[in-house]
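[1] build me a model:
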Amino acid sequence: TLRQFVQQALNRGEAYYQLRRAIASVNGNQFRGGDDYQIDQWNDCARLIANCVIYYNSAILSGLVDKFEKENNKKAIDVLANLSPVAWRHILLGGNYSFEDQIAITSLDRLLEEVDPLNDEDDTEYE
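    I've put the predicted structure just below:
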């Protein structure tokens, strides 16, 4: 019904703003910068990070859908249909990342080989 579609749209918007709040809270909810320009830059960077999380999740979900369509696994596809690309529980937002070291890039295809959406054993919360 129309009411359900409106509620789903509102939920998607709220999920995005929850992700933005999670990104902002990494620095103790303190804006970096002393003037409006620097605060605008910080907000733009936070929006970029949120969009990167959504893109990363969308790539994973798309890869999983392709994988399970090839396997004709309708049950797994139905589970994936209810997942949101706005989720960030599996991403360590407050981590320390080094971009100086040359390391092997993680292959998304290799990562997806081990994923089973019907298995809920590793249900770890990251904060």
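[2] tell me the phi and psi of E114?
    Backbone torsions of E114, given as degrees, to the nearest 10, read phi -90, psi 0.
[3] what about it, distance to I91?
    Here the criterion is Cβ to Cβ, to the nearest Å. By it, E114 lies 17 Å from I91. In this view, the C-beta of every residue, glycine as well, is placed from N, C-alpha and C.
[4] between those two, tell me which one has more neighbours.
    Legend: neighbour count by other Cβ atoms under 10 Å for E114 and I91, higher for I91 (16 against 6).
[5] what's the neighbour count on the closest residue to the more buried one other than its chain neighbours?
    Distances taken as Cβ to Cβ, 6 or more residues apart in numbering put V53 closest to I91, at 6.0 Å, once the chain neighbours are dropped. The tally of other residues near V53 (other Cβ under 10 Å) stands at 20.
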